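>>> Predicted model, plus sequence, below.
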Amino acid sequence: MKNKIDLSVIIVNYNTKEITLACLTSLYQFTSGIDYEVIVVDNASSDSSVEMLSKFEPGHKNFKLIRSTANIGFGPANNLGAREAKGEYLLFLNSDTLFVENNLPHCLAEIKKDKNIGVYSCNLTNKDGSHQPSGGYFPNLARLFVWQFFIDDVPPFSHLLNSIHPHASRKKPDWVTGAFMIIPAKTFWRAGGFDERIFMYTEETELCYRIKKLGQKVIHDSHTSIIHLGGASGGSYLALTKEVEGLLYFWQKHQPVWQLPLVKLIFFAGSLLRYVIFGIIKANATARQAYGQILRLLA
């Protein structure tokens, strides 16, 4: 039987050795007062990440490197790390995060206060200290419609509507960004872990959905913060295309089958609108490529 400790910190690395090293350095520098381990899962990086992590391992207590033989995706790699974890609680931490203070004792104390908390997230900030929205609401037809036609970006609707996408910090969102998620290990495995059919993007939304169906709460704590460097990277080709694929899968798995044709129609109209605005009028090559691919997927 594994010897239980307070917290297992699980980080997935894929060709990000410099930011992963910065994340690990800040984690060890600022974390004290709790019994924790750090597990890094390398997703078959080709940038000498493994060499860097192998050198980091001997000098740091309770550090373990797991080498995947292929890039299996973000959720599956987190599952791989979680299977080796000894912690009563699991912290799924993005490699592009930085600690600037000793946050984790506070975070653990907060989640331990209430046995009904299934997912806990702290506040995320950009590098300049500005707030980074990090909580959203589960997809439904109305929320999909207002998102795809930019209605939830227009005041006063942006403050009144519960958007799928993170807009403003809420104390009781349906789901929180996967950059920082503490989940009791028993709850994580009771829910079935990350769905391994989702390679990347929307995996945290889908996991939070299953955890809330167990009667557990998702909490966003605004009283302590870490830096999330990647908060502005959602406009990449992979982010745009994989998010749509992930949400289509979410609908197929969790929502009534009659909704799927409507979902595809709304996504098609919204993607066509974005293709014209961002891809043609604003001449953004990434948007043109991504939304073109999404339109082909939905056609």
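Good, I have the coordinates. Residues are numbered from 1 along each chain as shown.

>>> following the helix or strand containing Y249, which helix or strand comes up?
Y249 belongs to helix 237-254 when elements are defined using DSSP states H and E. Sequence order places helix 260-274 as the next helix or strand after helix 237-254, per DSSP H and E.

>>> Okay, buried residues for that next one please.
For helix 260-274, the neighbour count (16 or more other C-beta atoms under 10 Å) marks 263-264, 266-268, 270-272, 274 as buried. (C-beta placed from N, C-alpha, C; glycine too.)

>>> how about CSV for these, with pLDDT and distance to T177 added?
What follows is the buried residues of helix 260-274, written out as CSV (pLDDT from 0 to 100; distance: C-beta to C-beta, whole Å):
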residue, pLDDT, distance to T177
V263, 98, 23
K264, 98, 26
I266, 98, 23
F267, 98, 22
F268, 98, 27
G270, 97, 22
S271, 97, 23
L272, 98, 28
R274, 97, 22
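
>>> buried residues in the helix holding Y249?
Within helix 237-254, the residues scored as buried using 16+ other C-beta under 10 Å are 239-248, 250-251.

>>> I'd like a version of these in TSV, one that adds pLDDT as further columns.
As requested, the buried residues of helix 237-254 are exported to TSV (pLDDT from 0 to 100):
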residue	pLDDT
A239	89
L240	92
T241	94
K242	93
E243	94
V244	96
E245	96
G246	96
L247	97
L248	97
F250	97
W251	97
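
>>> what about F180, how many neighbours?
22 (other C-beta atoms under 10 Å).

>>> actually P156, not the one I typed
P156 is flanked by 7 other residues according to other C-beta under 10 Å.

>>> for K4, same thing?
Counted by other C-beta under 10 Å, the residues lying close to K4 total 12.

>>> tell me the secondary structure for the spatially closest residue to it that is not a sequence neighbour?
For K4, ignoring the flanking residues on the chain, the nearest one in space by C-beta to C-beta, 6 or more residues apart in numbering is E88 at 5.5 Å. Secondary structure, DSSP: H, G, I helix; E, B strand; the rest coil: E88 is strand.

>>> Now for the nearest residue to S163 once chain neighbours are set aside, how many residues are close by?
Using C-beta to C-beta, 6+ apart and skipping residues adjacent in sequence, the residue nearest S163 is D152, 4.2 Å away. Number of residues near D152 (other C-beta under 10 Å) recorded here: 20.

>>> Thank you, goodbye.
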